[in-house]
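Q: below are the sequence and a predicted model for it; my questions follow.
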Amino acid sequence: MATTEPTHPATGGSRFSEAERAATGRRASIAAAAGTAIEYYDFAVYGYMTTVLAALFFANDDPVTGLLATLAVLGSGFLARPLGGLFFGRLGDRVGRRKVLLITVVLMGVATVLTGLLPTYATIGLAAPALLTLLRVVQGFSAGGEIGGAAALVAESAPHKRRGLFGSATSIGVAAGMASAAVVVGLVALIAGDQMTTWGWRVPFLVSFPLLVLCLFYRVRIEDSPVFQEMAAKHEPPKAPVSEVFRRHPRAVLQLIGLAFGQMVAGGIGSVYLVVHFSQLGYALTGSTWLIAVIAVMPIALMPWAGGLSDRLGRKRVVAAGFIGFAVLAIPCFWLMEQGSLGLALVAGLVLNVPYGIIQGVMYTIFAELFPTRVRYSGVSIGFNLAGVVGAAPYQLVVTWLIAVTGIMLMPAFYMIFAALVALLTLWTMAETRGADFREELQP
């Protein structure tokens, strides 16, 4: 590792000027948003195609069993994420954010394209779900390294007083990826019609290839974050960042898990899960996916506003308002979805995603501010992906099973309220993170 400080024309020393920070922050934000968008496009396509894949990759004697099996494969991707978080987090804290983010997006894109080329159960029997699961695990391993790196890169590259605004780019990437997946699935379902189970289901996965090329175009053109460059010039990288996270920052890990659990469960139920929920309510796949696309796009407008608002009011206040919104709106919105009208379902979904947009606009900045620079990639990756295991991995299975057992279609609302309460209790234990100054950490 180099020991000489980098010299920058604007400053004559190791510090980056605010103008340099703003320019670097904009480039990092675009690259992070593009990469996160493709990662979440790839990850969300499977969720949107769950009901189709259930019939293609599992024995169809019992539709509910096939759906649960397909959701279990969906969950396997989340179970693989902590391993990816440990591996890529350690690597990112030692060699830099940019290099690792190039690797993660390539892995995700290749696994998604291969999913679109798989033979089905009718062709190769049990090997089909086995291969589907394997590729889903690769997707999860890759995704495990994405959010931690994207959040660290953007937060470390942004001007100090506008970190919330710039940090919302990661959230925009997540929402844009999920919305793009819904749009593609909706278009394909519309065009393919009855051919959806023959060739149509493959198209959304294969579309990942050109998106991967576009993402690489942006990510190879950026530099690593100024904060990481300064740290690398002044200090040796941590030899064991993962163990350092658990040894020195266990409270921050637990707080991130609590917040991310609420974010993943409440946000996931209000977005990706709605495709499954609407199928249970009897809505057609084409109408449902277009509905989800509209619902997924709307929060994007709120995210930069919420991020900028958190720079003025503080992260905790803005995020708390979002989770309170989830708790208040869950039951009436899910009740509206049951009324048999796609129009009412659209209104309910849009209303329910207002708090989602507010929370998403701030959350990844909070995650980055919970940890110091030397272990930020590892800390965010570990906490976020452990939350995925307890939150994102099982929630669709849990809610689907609860509906099957009780026959109560409001079960998603009750679970959403529970998740929001977990996040609010976690916020109560936290100090405000807005004032964290990454540059002060780097002083000898």
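A: Yep, it's here.
Q: from now on I want contacts and neighbour counts done on CA atoms only, so please keep to that.
A: OK.
Q: show me where pLDDT drops low in the stretch 251-400 of the chain?
A: 285-287, 289 (pLDDT under 70).
Q: let's see 90
A: 267-268, 270-299, 301, 338-347, 349-350, 388-400 (pLDDT under 90).
Q: ok, which stretches of the stretch 151-300 of the chain are helices?
A: Applying DSSP state H, counting those that start in this stretch to the stretch 151-300 of the chain gives helices spanning 163-192, 203-206, 208-219, 226-234, 241-248, 250-269, 273-280, 285-313.
Q: packed most tightly, which of these would that be?
A: Highest mean neighbour count among those (mean count of other C-alpha atoms under 10 Å): helix 163-192, with a mean of 26.
Q: relative to helix 273-280, how tilted is that one?
A: Interaxial angle of helix 163-192 relative to helix 273-280 (axes from the mean of the first three to the mean of the last three C-alpha atoms, to 10 degrees): 30 degrees.
Q: give me the distance from helix 163-192 to the chain's centre.
A: 11 Å (C-alpha atoms, centre = their mean, to the nearest Å).
Q: repeat that for stretch 184-196.
A: In terms of C-alpha atoms, centre = their mean, the centre of stretch 184-196 is found 25 Å from the chain centre.
Q: could you give the average pLDDT over that stretch?
A: Averaged across stretch 184-196, pLDDT comes to 86.
Q: dump that stretch to PDB, restricted to CA.
A: These are the backbone C-alpha positions of stretch 184-196, laid out as PDB (Å, rounded to 0.1, in the frame of the first residue of the first chain):
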ATOM      1  CA  VAL A 184     -40.100  -5.500 -18.800                       C
ATOM      2  CA  VAL A 185     -42.100  -8.300 -17.300                       C
ATOM      3  CA  GLY A 186     -45.300  -6.400 -18.000                       C
ATOM      4  CA  LEU A 187     -44.300  -5.700 -21.600                       C
ATOM      5  CA  VAL A 188     -43.300  -9.300 -22.200                       C
ATOM      6  CA  ALA A 189     -46.500 -10.700 -20.600                       C
ATOM      7  CA  LEU A 190     -48.500  -8.400 -22.900                       C
ATOM      8  CA  ILE A 191     -46.700  -9.400 -26.100                       C
ATOM      9  CA  ALA A 192     -46.200 -13.100 -25.300                       C
ATOM     10  CA  GLY A 193     -49.700 -13.700 -24.000                       C
ATOM     11  CA  ASP A 194     -50.300 -17.400 -23.900                       C
ATOM     12  CA  GLN A 195     -46.600 -18.000 -24.900                       C
ATOM     13  CA  MET A 196     -45.400 -16.600 -21.500                       C
END
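Q: Leu117: how many residues sit nearby?
A: Residues lying near Leu117 (other C-alpha atoms under 10 Å) number 12.
Q: wait, I meant Glu369
A: Around Glu369 there are 25 residues (other C-alpha under 10 Å).
Q: list the contacts of it.
A: Going by C-alpha atoms under 8 Å, 6 or more residues apart in numbering, Glu369 touches 155, 433-434, 436.
Q: how close does the nearest residue to Val362 once chain neighbours are set aside sit to Val73?
A: Taking C-alpha to C-alpha, 6 or more residues apart in numbering, and ignoring the residues beside it in sequence, Val362 has Gly307 as its nearest neighbour in space, at 5.0 Å. Remark: distance between Gly307 and Val73 (C-alpha to C-alpha, to the nearest Å) = 34 Å.
Q: what does Arg247 give?
A: For Arg247, the distance to Val73 - C-alpha to C-alpha - is 33 Å.
Q: quick one on the thing from earlier: doesn't Gly361 make contact with the residue nearest to Val362?
A: Yes - Gly307 is within contact range of Gly361, at 5.0 Å (criterion: C-alpha atoms under 8 Å).
Q: mind listing the shared neighbours of the two?
A: 164, 167-168.
Q: for the closest residue to Val294 other than its chain neighbours, list the residues it contacts.
A: Among residues not flanking Val294 along the chain, Ala179 sits closest, at 7.5 Å (C-alpha to C-alpha, 6+ apart). Ala179 sits next to 41, 292-294, 296-297 when contact means C-alpha under 8 Å, 6+ apart.
Q: hang on, the earlier thing: keep only those of the contacts of Glu369 that are in strands.
A: Using DSSP state E, no member of the contacts of Glu369 falls within strands.
Q: and the two most separated of the contacts of Ala179?
A: Spatially, the most separated pair among the contacts of Ala179 is Tyr41 and Val294, at 15.1 Å (C-alpha to C-alpha).
Q: state the pLDDT value of the most centrally placed residue in the chain.
A: Centroid-nearest residue in the chain: Val174, 5.3 Å away (criterion: C-alpha atoms, centre = their mean). As predicted, Val174 sits at a pLDDT of 85.
Q: right, and it touches Tyr40 too?
A: Yes - Val174 is in contact with Tyr40 according to C-alpha under 8 Å; the separation is 5.7 Å.
Q: ok so, going back, measure the residue nearest to the residue nearest to the centre of the chain when sequence neighbours are not counted to Pro241 for me?
A: Leaving aside its sequence neighbours, Val174 sits nearest to Ala37 (C-alpha to C-alpha, 6+ apart; 5.2 Å). Distance, Ala37 to Pro241, by C-alpha to C-alpha: 27 Å.
Q: now distance to Ala413 too, for the helices of the stretch 151-300 of the chain, in TSV please.
A: Shown next, in TSV, are the helices of the stretch 151-300 of the chain (distance: least, C-alpha to C-alpha, whole Å):
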stretch	distance to Ala413
helix 163-192	21
helix 203-206	29
helix 208-219	32
helix 226-234	42
helix 241-248	34
helix 250-269	8
helix 273-280	11
helix 285-313	17
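Q: select, out of the ones you listed, the one closest to Gly407.
A: helix 273-280 (10.8 Å).
Q: quick one: that closest one to helix 250-269, angle?
A: Per the same axes, to 10 degrees, the angle that helix 273-280 makes with helix 250-269 is 40 degrees.
Q: contact partners of helix 273-280?
A: Contacts of helix 273-280 (C-alpha under 8 Å, 6+ apart): 47-48, 50-51, 284-285, 288-289, 292, 396.
Q: repeat that for 6 Å
A: Ser288 (C-alpha atoms under 6 Å, 6 or more residues apart in numbering).
Q: that helix versus helix 285-313: what angle between them?
A: Using the same axes, to 10 degrees: helix 273-280 against helix 285-313 is 150 degrees.
Q: could you point out the longest helix in the chain?
A: Longest helix in the chain by number of residues, with DSSP state H as the criterion: helix 63-95.
Q: just checking, what packs against the helix or strand following that one?
A: Under the assignment DSSP states H and E, the closest C-terminal helix or strand after helix 63-95 is helix 97-115. Helix 97-115 sits against helix 127-143, helix 203-206, with contacts defined as 3 or more C-alpha pairs under 6 Å, 6 or more residues apart in numbering; DSSP states H and E.
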